[in-house]
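[1] Here's a sequence, model it:
(one chain, ligands or ions: 1)
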Amino acid sequence: MKIRYELLDKSKRKSPPSKVEGFGQTRTNHMFMVDFENGEWKDPRIIPYNKFPMSPGAVSLHYGQNIFEGAKAFKHSNGEIYVWRWEENAKRLNHSAYVTMMAQIPVELQTEGLLRLLDVERDWCPEEPESSMYIRPFMFGTEDTLGVKASSTYTYCIMLSPSGAYYKGGFNNAVTLLITEKYHRAVSGGTGTAKTGGNYSASLLPAAHAYSKGCAQVLYLDATNQYVEEAGTMNHYHVMDDGTFIIPEFNDSILRSTTSSAVLELAAMGKVKARQEVVEVKKFLSDIKSGKIIEAGGFGTAAVVSPVGKYMFDDGSTITVGDGGVGKHSRALYELYMGMQVGSTPAPEGWLTKVERYEQK
Ligand code: COI
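    Reported below is the predicted structural model:
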């Protein structure tokens, strides 16, 4: 499908900042957009980043029919930009669309829109350590109707945000997670595997509760409070004393992190020791106490590998993992993973997609 360019005059474009600040704060000049109407995707275009008109009765505003993704691109030392495992994100968006009864969007259309947008904004891709071009694709129901039903029209959009580390202090700052029985992220049979806004709005109150106790996030348990699930902004892992990473077995209340999947693929290639298990909370805590579990943390696109040094409980008591700092296994995996992303370590075939130079018309 031909993509239309409606670019800002060069004299009207903002320049990239000399240094990226935090996560998700900066916007580039343009975005990619395409609309779904009468059963077809129409008018794919790259247009100035701006507010968009929306019907007050749009389904996404009332009944939460919206989904999103998070991906990253990196500038390599050859000056070219590469997108990391993009297809995984494009496919997961369609999974989220399935769960929320939204239209499917061809992976090829998502890819073409992204690569052309990244080409237009290539000067914005940061190069500092721990930084990347964060890619935020999203889709929402636009039909103006107050009946509770799936929208018949949608908009898919990709915006870009040159970003630094998700957690303040970056990789070297091991965070504390709150293990609470008070809040749950998702239940079996619900929408937990979808990256839909409702799962994230539902996490705001639990997150505020966690922050008020000095924790970075909640480590969610399943609804029966017996099993470790995920941390909302990232999947969870722990490391056994033989250096094996354990990721909770995916179920229908855990989002399948593309970073967890990458780690499991690396394990299948023999580059790291990792597997999935159903993680029972009681056993998890007793293994931390006995020293069988030596490290822990989270995996996510934004979070990458984020070490956890401590867990806090509802009564304010805490338990420390290993020495509470960043462990050597987490560091080695982080370095391997980031090295592959930035091109200093070879990545498996097909994990990086080069952004070509297109004719912009
Ligand atoms: C990501 O890791 O990209 C996410 O989408 C998590 C988050 C920042 C909401």
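[2] Around the ligand, pick out the residues from the stretch 101-250 of the chain.
    residue 233 (Cβ under 6 Å from any ligand atom). Every C-beta, even on glycine, is put in place using the N, C-alpha and C of the backbone.
[3] The residue in the stretch 101-250 of the chain positioned nearest to the ligand: how many residues sit nearby?
    Closest to the ligand within the stretch 101-250 of the chain is residue 233: 4.6 Å, counting by Cβ to the nearest ligand atom. Number of residues near residue 233 (other Cβ atoms under 10 Å) recorded here: 21.
[4] Phi first, then psi, for it.
    phi -90, psi 0 (degrees, to the nearest 10).
[5] With residue 235 instead?
    phi -70, psi 170.
[6] Isn't it up against residue 261?
    No: using Cβ atoms under 8 Å, residue 235 is not in contact with residue 261, being 9.4 Å away.
[7] Which one of those two is surrounded by more residues?
    For residue 235 versus residue 261, neighbours defined as other Cβ under 10 Å are more numerous around residue 235 (25 against 17).
[8] As a check, name the ranges of all strands in the stretch 51-200 of the chain.
    66-68, 71-75, 81-84, 132-141, 154-163, 175-179 (DSSP state E, counting those that start in this stretch).
[9] how far out from the middle of the chain is the second one?
    This points to strand 71-75. Centroid separation for strand 71-75 versus its chain: 12 Å, with Cα atoms, centre = their mean, to the nearest Å.
[10] And for the fifth one?
    For strand 154-163, the separation from the chain centroid amounts to 13 Å (computed by Cα atoms, centre = their mean).
[11] what's the average pLDDT for it?
    Across strand 154-163, pLDDT averages out at 98.
[12] could the strands of the stretch 51-200 of the chain be laid out in TSV, adding mean neighbour count and distance to residue 117?
    Shown next, in TSV, are the strands of the stretch 51-200 of the chain (neighbours: other Cβ atoms under 10 Å; distance: least, Cβ to Cβ, whole Å):
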stretch	mean neighbour count	distance to residue 117
strand 66-68	24	16
strand 71-75	23	10
strand 81-84	22	11
strand 132-141	24	9
strand 154-163	22	6
strand 175-179	22	32
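[13] Present these as a markdown table; the columns should include distance to residue 198.
    Below are those laid out as a markdown table (distance: least, Cβ to Cβ, whole Å):
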| stretch | distance to residue 198 |
| --- | --- |
| strand 66-68 | 8 |
| strand 71-75 | 21 |
| strand 81-84 | 27 |
| strand 132-141 | 12 |
| strand 154-163 | 17 |
| strand 175-179 | 21 |
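[14] Which residue, other than its chain neighbours, is closest to residue 329?
    residue 239 (4.7 Å; Cβ to Cβ, 6 or more residues apart in numbering).
[15] helix/strand/coil for the one you found?
    Using DSSP: H, G, I helix; E, B strand; the rest coil, the structure places residue 239 in strand.
[16] so how far is residue 308 from it?
    11 Å (Cβ to Cβ, to the nearest Å).
[17] Repeat that for residue 339.
    22 Å.
[18] Check whether residue 138 really touches residue 67, as I assumed.
    Yes: applying Cβ under 8 Å as the test, residue 138 and residue 67 come out as touching, 6.7 Å apart.
[19] distance between stretch 328-336 and the chain's centre?
    With Cα atoms, centre = their mean, you get 19 Å for stretch 328-336.
[20] Can I get it as CSV, trimmed to CA atoms?
    Taking Å, rounded to 0.1, in the frame of the first residue of the first chain, the C-alpha atoms of stretch 328-336 are listed here in CSV:
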residue,chain,number,x,y,z
LYS,A,328,26.5,-10.9,37.8
HIS,A,329,24.1,-13.0,35.9
SER,A,330,21.7,-10.1,35.4
ARG,A,331,24.6,-7.9,34.3
ALA,A,332,25.9,-10.5,31.9
LEU,A,333,22.5,-10.9,30.3
TYR,A,334,21.9,-7.2,30.1
GLU,A,335,25.3,-6.7,28.5
LEU,A,336,24.6,-9.5,26.0
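[21] quick one, which of residue 339 and residue 308 is more surrounded?
    residue 308 (26 against 13).
[22] so who does the residue of the chain found nearest the ligand touch?
    The minimum distance from the chain to the ligand, using Cβ to the nearest ligand atom, falls at residue 70 (1.9 Å). Neighbouring residues of residue 70 by Cβ atoms under 8 Å, 6 or more residues apart in numbering: 89, 134, 135, 136, 195, 300, 301, 302.
[23] Closest one of those to residue 253?
    residue 195 (13.5 Å; Cβ to Cβ).
[24] Contact partners for residue 133?
    Here residue 133 is in contact with 72-75, 81, 118, 121, 124-126, 160-163 (Cβ under 8 Å, 6+ apart).
[25] for it, which residues make a bridge with it?
    Note on residue 133: beta-bridge partners by DSSP bridges are residue 73, residue 162.
[26] host element of residue 47?
    Per DSSP states H and E: residue 47 is located in strand 40-48.
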